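# sharing a sequence plus its predicted fold:
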Amino acid sequence: MPVEVDLHLHTTQSDGRLTPMQLVQLVAGKRLKVVAITDHDITDGLEEAYEAAKAFPQLTIIPGVELSTDIPGNEVHMLGLYVDYQDAYFQETLAHFREGRVGRAREMVDRLAALGMPVDWERVVQIAGEGAIGRPHIAQALVEKGYFQYPQEAFENYLGRNGLAYAEREKMTPQEAVRLIRGAGGVAAIAHPASLFGLDNLLAQLKAAGMQGMEVHYAEYDGPVRTRLADAAKRHGLVPCGGSDYHAFGTPGERLPGDLGPPMQTAVRLRELAHANARERAAWRS
Ligand code: AMP
Ligand code: ZN
Ligand code: FE
Ligand code: FE
């Protein structure tokens, strides 16, 4: 069966390298039928994507977002699928967390300079463009300066969570992210959970907090990992989601849209959940 669904994609509105229009053209060319655009802390790519998708009536775009959250010792990413991105409170909250990204990126650039790897702040801002600024933009600036061959290498010792230049920023808890997503009528699904410590416990907690899905069919994961995650999803009653987490970084071995994704049944189930959630959303705002 060809892959028809990809529920995890980034654009230039966050740290992806394709514009929403370019991404839509790519996934349509790969004959994907349902895709979710899930930029970090921003949904501003959706309007352009919907405009571009008019040329591809067979393609459905799910409005999504990926929220970075923190638990002690770990970063948890929470996908919001079928979010009402026009909701004012939802947008105000995203804007607040995007602001935190700017000061923190600046701090990392300062730390890199102190470590003997100066990059121009203006250049980092330029690379980030109009979207949500993030570590991959700094990594790209470091590559341009010749400190590394690939952005990935900048994460190893410098930009990764335990890296020398890493700086924290204000983040929500995963429970707060679930609440924000449910308040916008969306379905919350934990992203790339395989490496999280104490996963079973965390899934139980987040399920109780209103999370309804988890990534299983994640292109980076091999068969045994996906089987383990599929079992966990079943045990906890979570919809098995997934996709490529495509950024168009151009790194060797990068997974592409269409490489792996959940079955169409997942997309159908998510839409049903979103319909039900839309009726209950007010309860998540009180
Ligand atoms: P930020 O949103 O600024 O915290 O950056 C998060 C993004 O950086 C992720 O979505 C990945 O694209 C990238 N990233 C995080 N950790 C690594 C890593 N160890 N290697 C390569 N890319 C990473
Ligand atoms: Zn990203
Ligand atoms: Fe992520
Ligand atoms: Fe992602």
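That came through fine. Ligands and ions are numbered 1, 2, ... in the order given.
# by mean pLDDT, which helix or strand of this structure comes out lowest?
helix 151-154 (a mean of 94; mean pLDDT, DSSP states H and E).
# after that one, which helix or strand is next? Please name it.
Counting by DSSP states H and E, the next helix or strand C-terminal to helix 151-154 is helix 174-183.
# helices or strands next to that following helix in the packing?
With contacts defined as 3 or more C-beta pairs under 8 Å, 6 or more residues apart in numbering; DSSP states H and E, helix 174-183 has these neighbours: strand 60-71, strand 74-81, helix 88-114, strand 187-190, helix 199-208. For glycine as for every other residue, the C-beta is placed from the backbone atoms N, C-alpha and C.
# CA atoms only for the first one, dumped as PDB, please.
Output of strand 60-71 as PDB, limited to C-alpha atoms (Å, rounded to 0.1, in the frame of the first residue of the first chain):
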ATOM      1  CA  THR A  60      -6.800  17.300   2.400                       C
ATOM      2  CA  ILE A  61      -4.800  19.500   4.700                       C
ATOM      3  CA  ILE A  62      -5.300  19.100   8.500                       C
ATOM      4  CA  PRO A  63      -4.600  22.300  10.400                       C
ATOM      5  CA  GLY A  64      -1.900  21.400  12.900                       C
ATOM      6  CA  VAL A  65       0.700  22.700  15.300                       C
ATOM      7  CA  GLU A  66       3.700  21.200  17.200                       C
ATOM      8  CA  LEU A  67       4.100  22.500  20.800                       C
ATOM      9  CA  SER A  68       7.400  22.100  22.700                       C
ATOM     10  CA  THR A  69       6.700  21.300  26.300                       C
ATOM     11  CA  ASP A  70       8.900  20.300  29.300                       C
ATOM     12  CA  ILE A  71       8.800  17.700  31.900                       C
END
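# what's the spacing between that strand and its chain's center?
5 Å (C-alpha atoms, centre = their mean, to the nearest Å).
# what about residue 280, which SS state?
Recorded secondary structure, residue 280: helix (DSSP: H, G, I helix; E, B strand; the rest coil).
# one step back: which stretch among the helices and strands packed on helix 174-183 is buried most, on average?
Neighbour counts (mean count of other C-beta atoms under 10 Å) averaged over each of the helices and strands packed on helix 174-183 peak at strand 187-190, with a mean of 29.
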